[in-house]
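>>> build me a structure from this.
(chains A, B and C)
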Amino acid sequence: MTDITAGGVSPPIRRVEFETAESKARLRRRYRSEARFKAYGIAALVVAAAFLFALLSSIVMRGIPGFFQHYLVADVLVDAAKIDPEGKGDAATLRAGDYTAVARAALAEAIPGVEGRQLKRELNGLLSSGAGDALREMVVADPSLVGQRVKAPLLLADEADVFLKTSGTKIRVISDTRGIATPSATTGEISILVGANDFADDVALVKAELKALADSIDETIARRKARGATVESLADLEREATELRRRHAAAATSERLDAKTASRLVAINGGLVKVKEMTPTLVKGEVIIPLKSTADAAPGTWEIRVYETPESNRNLNDRGLAFLEELKAKGLVESQFNFAFFTRGDSREAELAGIQGALVGSILTLLVTIGLCLPIGVLAAIYLEEFAPKNRITELIEININNLAAVPSIVFGLLGLAVFLNFFGMPRSAPLVGGLVLALLVLPTIIIASRAALKSVPPSIREAALGVGASKQQAVFHHVLPLAMPGIMTGTIIGMAHALGETAPLLMIGMIAFIVDVPSSLTQAATVLPVQIFLWSDLPEPAFKMKTAAAIIVLLAVLFLMNGLAIWLRKKFERRW
Amino acid sequence: MDMRPDPLIMMTTQAQAPTTTPTKVAAKNVNVYYGAKHALKDVSVDIPEKSVTAFIGPSGCGKSTFLRCINRMNDTVASCRVEGLIQIDGKDIYDPALDPVQLRARVGMVFQKPNPFPKSIYDNVAYGPRIHGLSKSKVELDQIVESSLRKASLWEEVKDRLNDSGTGLSGGQQQRLCIARTIAINPEIILMDEPCSALDPIATARIEELMEELRHNFTMIIVTHSMQQAARVSQRTAFFHLGILVETGSTSDIFTNPTDKRTQDYITGRFG
Amino acid sequence: MAGWYALVVVALMLAGFALARGRAQSVAGGNYAGMHSLPSYHGLYTASLAFIPALITFLVGSQIAGYLATQSAISALPNDIQSDILRQGAALREAVNIVRGGPVGAASAEVQSAAANYSSALSAGQWITLALGALAGLAGLSWGLSRVSMNFRARNAFEKLVHALLWICATIAVLTTVGIVFSVVGETYRFFFDPAIKGKPTVFEFLFGTEWNPQAAMRADQGDIQTAYGFLPLLTGTLLITVIAIAVAGPLGLFSAIYLAEYASPRVRSVAKPVLEILAGIPTVVLGFFAALTVAPYIRGWGETFGLNVASESALAAGVVMGMMIIPFISSLSDDVINAVPQSLRDGSYAMGATKSETIRQVVLPAALPGIVSAFMLAISRAIGETMIVVMAAGLAANLTFNPLDAVTTITVQIKTILVGDQEFDSAKTLAAFALGFVLFFVTLVLNFIALKVVQKYREQYD
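Modelled structure (predicted):
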C-alpha cells in the first residue's frame, strides 16, 4: 500500500471528457471508424454473394439453351425404297434403313428446285448427321409408317441450331423499293436491272464499311507495333488496309461484295439472289432459291435483305442462312426440349452429344467410392473414437488423417497412376480405379465427420449399455453407432458430393478419353460428369459451350440435391443431449 | 494484514458516514427481462459516492444482473430488456441520447474471472487511455501506466517486465492488472463482479486491501458471494433474493440487525 | 471369376455360421446361461475363421496366377520381342486387351498365341486358386467347429477379430500417405538419379533453371527447341496466382467472418452462411469454366479500355476466381477461431468504453491471430494445389514473370499436361511430373502440418 507515496511520478489525473469540442470530435471519429469497419464486413459478404450470383447466372444463361434443340418439323415421306426396299418389315431391316436420305428428301421438298452440288450440300448441311434418328425410332416402333407421310422432327446441325438460339445476325429488310426489277434468269448467275437507284444507299454503306475495316486494321497494326512486332510481319496487314482504302476512295459506282462486309440478298419473284456486285441500278449475283419467273417485279413486291454480320464472322454462311430463314418463314423450324441430352453418350457432333455416358460413369465411380469409404471410414472412426489407446501410433494416425484431408487432390491422382495403374496393373480409365482414388480422397472427410458424430453421443449411453453387462463392442455397435448414424450419413453425403465434383485426380488415371458408349461395367473405359464438362469446355464450337453449361447445370442440380438431403437429414435427426 | 481490526468493529465506526455522502447512483423501479424471464423486479436503491457498496444474495438472485445494468453491459446480450430508471449524478443512463461507450468510460468494471487482453502488461493498461485519447504524449502515457499499476499495487512486481504478456501473470496479479486497466481512465464508478471468486485467499486479501485504498477516490460497487468479504470491505450492503431487492442499509445494520426475515436467514446461513 | 469366388466364400461363411451355432445350441442343451458365449457368437467366430484364410488365398493366388499368366504369354513371344522391354510391354498390353475384349488392332500371330497362352494360364491359375481357397476356408471352418464348447470364449475371440479389423481400417489413412510417398519419391529419385533416363536435369538445374520445356521439338520445322526442366517459372507462376488468390480471398474472407461472427443478426447469418457454403461446394471445374469463359474475357476487355495488353489466359483471371473459391474456406475457418475467443475478453474491452470495432481490432483479432494465420496457411496450401481452375484459365506458357496480366503456368497445370494422354514410365518427361508432384506434396504437407499444429495449440489455450 505504499506504492503511491513511494512512486516518483505524478501523472495528470485526466478523466474522460465528453463535453469539450475536442472530445466530441474524437467520439465522432471513433464512431465513423466503427461504421466504416462494419461496412467492410457487409461489403465483403456482398462481394462474395455477387460473385456467386454472377457465376450461377452466367452458367444458367449459357446453359438453358443447351437443353433445347431446333428441329425441322416437316411432313416426311417414309420412302419404302430407302428404308426397306425388299419389304421385309423386320426390326433389324427397319433399323438399318437410310433415314438420312429420307430426311434430306423432306428438306428438298421444303425448299424445292435448289440446283447445283454446292448449293445442295449447303442445304443438306443444315441437317444433323443424326437427323433421321427420331424418325427411325418412330418407324421401328410402328412399321406401318413405311410408305406413309408422317410429321417427324428432323434434328438440325449445331451451326443452324446455335444461329437460331443466339439470333447472331441482324437482318435488315428494305421493302419499300422504288424501281421495277427485272431478273435475267431464274437460276445460276443472274443480273437484276432496277428502274430506280434503289442500291445507291447500299453502295455508299459498303464504302463506309470498307473505310471502317481499314481503320480497324490500322489500329491493329499500331497495337502490334507497340508490342514490338517487326515491320515485315505487318506487311500483309498494311497491304490489305491500303487496298481497302483504295476501294473506298475509288470513284467507281460499282462495288463488289465479299465475306468481310455485310451480305446483301434480293428476294424477288419467290426466289432469293445473293448479291456479288452492285451499282445503284444493277446487281449481279447467284441464285440461292430459284425464282419462279423472270417477269418484271413491281416496286415494293421485291425487297433487299441485308445480313449485317459479315459472312467471315459467322459460323453459318449466306447460303445456309438463307435456307434457314426460308424454312423459318415457312414455319417448319421448331425448338423442342432435348431429351436426347440425357439419353445419349458423347459425340463429336455437338447436336448429338449427351451426358448419359458421363452420368452412368459418375454413378459407377461413386458406387465404388461409397462402397469402400463408408465401411472403412466408419470403422476407422469407431476405432479412433472408442477403442484407440492414447499412444504414439494413434497420434500418428490422427495427424495423418488431418494432413491427408488437406493434400491436393491431384496428388491422389498421382497415387492412382503410380500405384493402381502401374504397380497393380489395373485398367486405365475404369470407374473401379476412379472410385478407389476418390475413396482415398474422401476417406479423411468421412472419418472426421463420423468421429464428430460418435463424439456427440453422450457417454451416459455407453455407460448404460456397459452397466447391463454388454461388452464394449456391443455397447458401441448396438447403441452408440445407431445414434451416430444420422451424423455419419450427413458427413458421407457431403463427402460424396465432394467426390462427384472432383476432376483432377480422374484426369491422371485416364478417365479423360473420348468415349461414345455408355459404360456397363466397373472395368470398362468411362468418363464422369465433371470430366465431360472439362472435355467439352475445351472444344471450339459454340454449341459445345452451351452443352458444357447445360452439363454444369445438371451437375450443380445434383450437388444441391445432395447437400439439401444432408441438411434435411441433419435437421430431422438433430438431437440435443 | 493480520493486524486488521475485527470487521464488525470497523463497521460500527464507518456506519455514520453514509448519511452525509451524496448519492452517486440512483435506481428506481428497475425491471430486467431475459426473453420471457423476469430477472429483476422493481429494484430501487441509492448508492452513495466514494464508498463501497456490496450486493449480496444467493446465486441467481439478480445481483450481477443489476450490476451490469449500471454500465449497460447488458446491452451486449440481445435478449435482455431493461425497464425503469437508473441515474448517475441525476442523469438517466438509459437515455437514448446517451452513448454507452461514454458511459462505460465513466463506469469501469472488473470481472469475476481475470480477463487480461492477450497483449503486453503495458498495452493492457494503456488500452483505455489510448482509445479515449487521454494522453498527449508517450511520456504521459508511461506516467499513466506507472501510476495505475502503482494504485493497483502491481508496479513493484511487474516494472521489469512491462512488455511481457498479461496472460502470463498469476491469477491474483491478472486481476490486479484488470483493476489497473480500469483505473487508468479514472472512472467515477468501479463495478466489481465477484472479483475474488477465482482467487486464492492471499490474492483475495490483496484485492480487498486495494478496494479499501481505492474507495477514497472512486465509488465502488461489488457483487460478492462471501458475506465475510461484504462485511470486511463495504460500508453499505444490499441483499437480493429471487430478483427482488429485499433490504438495503449500512453494512453494520444489515449484518447485526436485519429487518427482513429472509436477510436474517441468509446471513445466518439457513440458505444460500 | 471374382463372382465365383465370392459365391464360394459366402457359402462357406453361411455354412460355418449355421453349423457352429447349431452345434453350440446342442452343446448347451437349452442351458444358455451356463455357456460363456451365445451360440450366434460361436457362429460368427467360425464364419470369420472360414472367411479369413479364403480371402488371403484369393488375394495371394490371383496375383500369382496373373504373374504366371504373364510369364507364359512372354514365352510365346519371339526372342527379339522378349529382349526389348518396350516392345515386349506393348505386345503384352495388346495380348491382355485381346483376352479382356478391349479395343484390338490387327494383332500379329505371335501376339495371338501369347494371348491364348495368357488366357489358358490365367484361367488354370484362377481355378486352382478357387480350389485352394475353398480348402483353406473349409479348414478354418472345421477348426472353428472343433472349438465350440461350453467354456470357449467365442465372443471375446470374435471381438478380437473385429478389433483387428477396426485397426486395419484406421491404418488405411497411413497406408495412403505411404502410397503417396512411395509413388512420388520413387519416381522423383529416378528422375534425378537413374542413369537409364535420358535428358534429365541435375537437382540444381531443376531447382534454379529459368526455362521449363518438357517437350522437345519433334520435327525439324519446329526449330531447335531443347527440353529444359527449370522449375523457377512454374514456381513464380504458382506463387503469382496464389498471391492474387489470397489478395482477393484474404480480406473478403476475413471481413465476412468478422461480420458474421460479431455483427450479423441470426437472420443475416442464416442467409449468408448457406451462400458461402454453396460457393464452397461448387466444383472447381465449374469455376474454371467460369474463369475461362466469363472472367478472363471481361478482364481482357477491361484492360483494353485502359490500353493495357492483357493475355487471354492471364494470371489475374485464374487468381481472382481461385480467390473466390477460397473465400468460404478462409471465412469458415476464421469464423470458428473468432467464435472461440472467450466472451470475457470482449466484455473486458466493452467495459473500458471501447466500441465494437475497437474491441475486434485490438482485442479479438490479436487473440484469434494464431488461428487466422493457420487458416491462411491452409488456404495457401489449397491454392497451390488447386488444379482445374488453372488448367482451364491459366496457360501453358512457362513465363518467368510477375505481371498479373501475363499468361503463366503452374505446377499443377504441368503435372496435368504431362500425365494426361499416353505416357511411358521411362521418359524424363513423365518422371518430371512426379518430381513436380513431390514438390507439391512436400510444400502442402509442411504448410498443413504447421497450420494444424498452430490450430491445435490455439484450441488448447482457450479450452
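>>> interface residues of the stretch 151-272 of chain B facing chain C?
Proximity of the stretch 151-272 of chain B to chain C, by Cβ under 8 Å from any Cβ of the partner chain, involves residues B:178, B:181-182, B:185, B:191. Where you see a C-beta, it was placed from the backbone N, CA and C, and this is true even at glycine.
>>> flag the least confident of those residues.
pLDDT across those is lowest for B:Ile185, at 88.
>>> over to that residue. Which of the three states is it?
coil (DSSP: H, G, I helix; E, B strand; the rest coil).
>>> helix or strand for the residue nearest to it when sequence neighbours are not counted, which one?
Closest residue in space to B:Ile185, ignoring its immediate chain neighbours: B:Gly128 at 4.0 Å, by Cβ to Cβ, 6 or more residues apart in numbering or on different chains. If you go by DSSP states H and E, B:Gly128 is part of helix B:121-132.
>>> figure out how far that helix is from the centre of its chain.
Remark: helix B:121-132 is offset 20 Å from the chain centroid, using Cα atoms, centre = their mean, to the nearest Å.
>>> likewise stretch A:78-95?
Distance of stretch A:78-95 from its chain centroid, counting by Cα atoms, centre = their mean, is 38 Å.
>>> endpoint to endpoint, it covers what distance?
From its first residue to its last, stretch A:78-95 covers 13 Å (Cα to Cα, to the nearest Å).
>>> show me which residues of it are buried.
A:78-79, A:82-84, A:93-94 (16 or more other Cβ atoms under 10 Å in any protein chain shown).
>>> also stretch A:284-296?
A:284-291.
>>> give me the mean pLDDT for the longest strand along chain A.
Using DSSP state E to define each element, chain A has its longest strand at strand A:68-77. For strand A:68-77, mean pLDDT is 88.
>>> thinking again about what came up before, adding secondary structure, write the buried residues of stretch A:78-95 out as CSV.
Formatted as CSV, the buried residues of stretch A:78-95 follow (three-state DSSP):
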residue, secondary structure
A:Val78, coil
A:Asp79, coil
A:Lys82, helix
A:Ile83, helix
A:Asp84, coil
A:Thr93, helix
A:Leu94, helix
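>>> and the two most separated of those residues?
The largest separation in the buried residues of stretch A:78-95, counting by Cβ to Cβ, is between A:Asp79 and A:Thr93 at 14.2 Å.
>>> pLDDT below threshold where in the chain?
Defaulting to chain A. A:1-13, A:167-168, A:227-229, A:251-252, A:575-577 (pLDDT under 70).
>>> not quite, go with chain C.
C:1, C:85-86, C:100-107, C:216-226, C:421-426, C:460-463.
>>> any idea how it splits into domains?
Per automatic domain parsing, the domain ranges recorded for chain C read C:2-152, C:225-462.
>>> hmm, the last one touching chain B?
Yes: using Cβ under 8 Å from any Cβ, domain C:225-462 reaches chain B at C:342, C:344-355, C:358, C:362-363, C:366-367.
>>> filter those residues by proximity to chain A?
Near chain A, taking Cβ under 8 Å from any Cβ as the test, the members of these found are C:353, C:355, C:358.
>>> can I get the buried part of the residues you listed as one PyMOL selection?
Buried members of those, defined by 16+ other Cβ under 10 Å, are picked up in PyMOL with:
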select buried, chain C and resi 353+355+358
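>>> and which of the ones next to chain A among the residues of domain C:225-462 next to chain B is nearest chain B?
C:Gly353 (3.5 Å; Cβ to the nearest Cβ).
>>> excluding chain neighbours, what is closest to the closest one?
In space, C:Gly353 is closest to B:Ala105, 3.5 Å off (Cβ to Cβ, 6+ apart).
>>> next one: that neighbour, what pLDDT does it get?
With respect to pLDDT, B:Ala105 has a value of 88.
>>> can you list the ones next to chain A among the residues of domain C:225-462 next to chain B in JSON lines and add secondary structure?
Formatted as JSON lines, those follow (three-state DSSP):
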{"residue": "C:Gly353", "secondary structure": "coil"}
{"residue": "C:Thr355", "secondary structure": "coil"}
{"residue": "C:Glu358", "secondary structure": "helix"}
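>>> nearest to C:Ala292 among the ones next to chain A among the residues of domain C:225-462 next to chain B?
For these, the nearest to C:Ala292 is C:Glu358 (43.9 Å; Cβ to Cβ).
>>> pLDDT at the closest residue to that closest one other than its chain neighbours, what is it?
Among residues not flanking C:Glu358 along the chain, B:Ile131 sits closest, at 5.4 Å (Cβ to Cβ, 6+ apart). pLDDT recorded at B:Ile131 is 89.
>>> who's in contact with B:His225?
For B:His225, the contacting residues are B:56, B:59, B:194, B:197, by Cβ atoms under 8 Å, 6 or more residues apart in numbering or on different chains.
>>> any chance of those in a markdown table, plus pLDDT, secondary structure and distance to A:Ser347?
Formatted as a markdown table, these follow (pLDDT from 0 to 100; DSSP: H, G, I helix; E, B strand; the rest coil; distance: Cβ to Cβ, whole Å):
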| residue | pLDDT | secondary structure | distance to A:Ser347 |
| --- | --- | --- | --- |
| B:Ile56 | 90 | strand | 85 |
| B:Ser59 | 82 | coil | 76 |
| B:Glu194 | 89 | coil | 77 |
| B:Ser197 | 85 | coil | 76 |
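>>> which among those end up buried?
Buried by 16+ other Cβ under 10 Å: B:56, B:194, out of the contacts of B:His225.
>>> so which pair among the contacts of B:His225 is furthest apart in space?
Farthest pair in the contacts of B:His225, by Cβ to Cβ: B:Ile56 and B:Ser197, 13.0 Å.
>>> buried ones in the longest strand of chain A?
For strand A:68-77, a neighbour-count test (16+ other Cβ under 10 Å) marks A:68-74, A:76 as buried.
>>> which two from those end up farthest apart in space?
Spatial extent of the buried residues of strand A:68-77 (Cβ to Cβ) is set by the pair A:Phe68 and A:Val76 at 21.3 Å.
>>> just to revisit the earlier point, of the residues of the stretch 151-272 of chain B next to chain C, which is the nearest to C:Ala95?
B:Cys178 (81.4 Å).
>>> for the stretch 101-250 of chain B, just list every one of the helices.
For the stretch 101-250 of chain B, the helices defined by DSSP state H, counting those that start in this stretch cover B:121-132, B:138-151, B:155-158, B:171-183, B:201-214, B:227-233.
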